[in-house]
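Enquirer: build the 3D model from these lines:
(one chain, ligands or ions: 1)
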Amino acid sequence: MAVIGIMSALHEELSAVLADMPDEQRVVVAGRDFWISHWQGHAVVAALSRIGKVAAATTATVMLERFGVDALVFTGVAGGLGPGVRVGDVVVASGLMQHDMDASPLFPRHEVPLYGRALFQSDAILSMQLTEAAQQVLQAAGQHLGPDTLAQFRLISPQVHQGLIVSGDRFVSTTAESQTLRQALPGALAVEMEGAAVAQVCLDYGVPFAAVRTISDRADDAAHTDFNRFIREVASRYSRAILLQWLTQRPVD
Ligand code: SAH
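Expert: Below you'll find the predicted structure:
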């Protein structure tokens with residue numbers, strides 16, 4: 001049976017997913033928690049990487065080497081960069097780049113040395129399935145979050161976007177920095193701190209990868225407000241609903 005890996009950086013991001021897994025068994029490897037479980041009839045391993053590219057790469061490697069996952073999905077929060085990418089929207093990565101990779105002049109800026117590429121594409125089929133699942137969930141956002149949460153976070157007709165997500169070892173929390181990022185990488189829809197590292201590890205192992213991120217902030221001067229509450233009450237519930245929707249429609253193989 002195919003094993004599906006689900007990864008988040010923070011416990012809050014995965015809390016609703018873990019609460020839903022009936023028979024999970026926790027294993028600690030490399031100081032990280034991995035939950036082995038079945039969800040909607042699928043064999044699943046869920047893990048928390050902690051924050052940043054190195055932590056994410058280590059966790060992804062354990063997922064692939066120790067737990068033999070056949071596909072890996074990262075889910076969590078990100079800062080919105082693209083125009084019209086608002087708090088409460090969901091971005092599914094079509095590809096990922098490290099915005100802080102710069103070995104110039106030896107290699108072009110953003111290119112990962114000796115890979116001959118800056119862009120790590122996510123798996124097209126997985127990403128399409130997750131985009132559809134996210135659209136179905138967001139169309140009924142009120143059902144998943146409740147009207148009070150919608151009103152509190154001023155979530156009005158949240159949208160799903162598909163495009164470039166950029167990762168780096170910085171929490172982008174000033175308007176100046178997000179403008180600099182937009183100028184350097186005009187196509188970027190969202191910024192976070194893990195995805196491109198996981199995409200690179202998955203490319204190394206030839207395992208399909210996808211990333212689904214709920215926008216928690218606009219990566220600007222207001223980026224820190226209500227961060228943890230938003231993750232708990234909105235992002236973690238979206239993650240659970242989107243993954244459930246996806247797994248329900250995916251044949252068990
Ligand atoms: N406030 C948190 C820190 C979160 S760091 C704490 O106290 O623990 C940000 C996490 O959310 C990272 O895992 C990153 O992937 C994602 N993220 C959300 N918004 C981001 C932003 N504006 N810039 C970079 N990463 C962001």
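
Enquirer: give me the residue from the chain nearest the ligand.
Expert: Gly79 (2.5 Å; Cβ to the nearest ligand atom). C-beta coordinates here come from the backbone N, C-alpha and C atoms, glycine included.

Enquirer: give me the three-state assignment for that residue.
Expert: strand (DSSP: H, G, I helix; E, B strand; the rest coil).

Enquirer: isn't it right up against Asp221?
Expert: No. Using Cβ atoms under 8 Å, Gly79 is not in contact with Asp221, being 11.8 Å away.

Enquirer: more neighbours: which of these two?
Expert: Gly79 (25 against 13; other Cβ atoms under 10 Å).

Enquirer: tell me how many other residues crowd His110.
Expert: His110 has 20 nearby residues by other Cβ under 10 Å.

Enquirer: tally of neighbours for the nearest residue to it once chain neighbours are set aside?
Expert: Counting by Cβ to Cβ, 6 or more residues apart in numbering, Ala118 is the residue found nearest to His110 once chain neighbours are left out, at 4.0 Å. Neighbour count for Ala118, taken as other Cβ under 10 Å: 20.

Enquirer: for Ala118, what are its contacts?
Expert: By Cβ atoms under 8 Å, 6 or more residues apart in numbering, Ala118 lies in contact with Met97, Gln98, Met101, Pro108, His110, Glu111, Val112.

Enquirer: what ranges do the helices span in the stretch 151-253 of the chain?
Expert: 175-184, 195-205, 227-230, 236-249 (DSSP state H, counting those that start in this stretch).

Enquirer: the stretch 151-253 of the chain against the ligand: which residues are in contact?
Expert: Phe171, Val172, Ser173, Val191, Glu192, Met193, Glu194, Ser216, Asp217, Ala219, Ala223, Phe227 (Cβ under 6 Å from any ligand atom).

Enquirer: of the residues you listed, which is the most crowded?
Expert: Neighbour max across these (other Cβ under 10 Å) = Glu194, 31 neighbours.

Enquirer: which pLDDT value goes with that one?
Expert: With respect to pLDDT, Glu194 scores 98.

Enquirer: low-confidence regions, the stretch 101-250 of the chain specifically.
Expert: 224-225 (pLDDT under 70).

Enquirer: neighbours of Ala30, how many?
Expert: 11.

Enquirer: contact partners for it?
Expert: By Cβ under 8 Å, 6+ apart, the contact list for Ala30 reads Thr58, Thr59, Val62.

Enquirer: residues contacting the residue lying closest to Arg182 once chain neighbours are set aside?
Expert: Nearest residue to Arg182, sequence neighbours excluded (Cβ to Cβ, 6+ apart): Leu81, at 5.7 Å. By Cβ under 8 Å, 6+ apart, Leu81 lies in contact with Val166, Ser178, Leu181, Arg182, Ala188, Leu189, Ala190, Val191, Ala219.

Enquirer: in a markdown table: the helices of the stretch 151-253 of the chain, plus distance to Val90.
Expert: As requested, the helices of the stretch 151-253 of the chain are exported to a markdown table (distance: least, Cβ to Cβ, whole Å):
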| stretch | distance to Val90 |
| --- | --- |
| helix 175-184 | 19 |
| helix 195-205 | 14 |
| helix 227-230 | 13 |
| helix 236-249 | 6 |
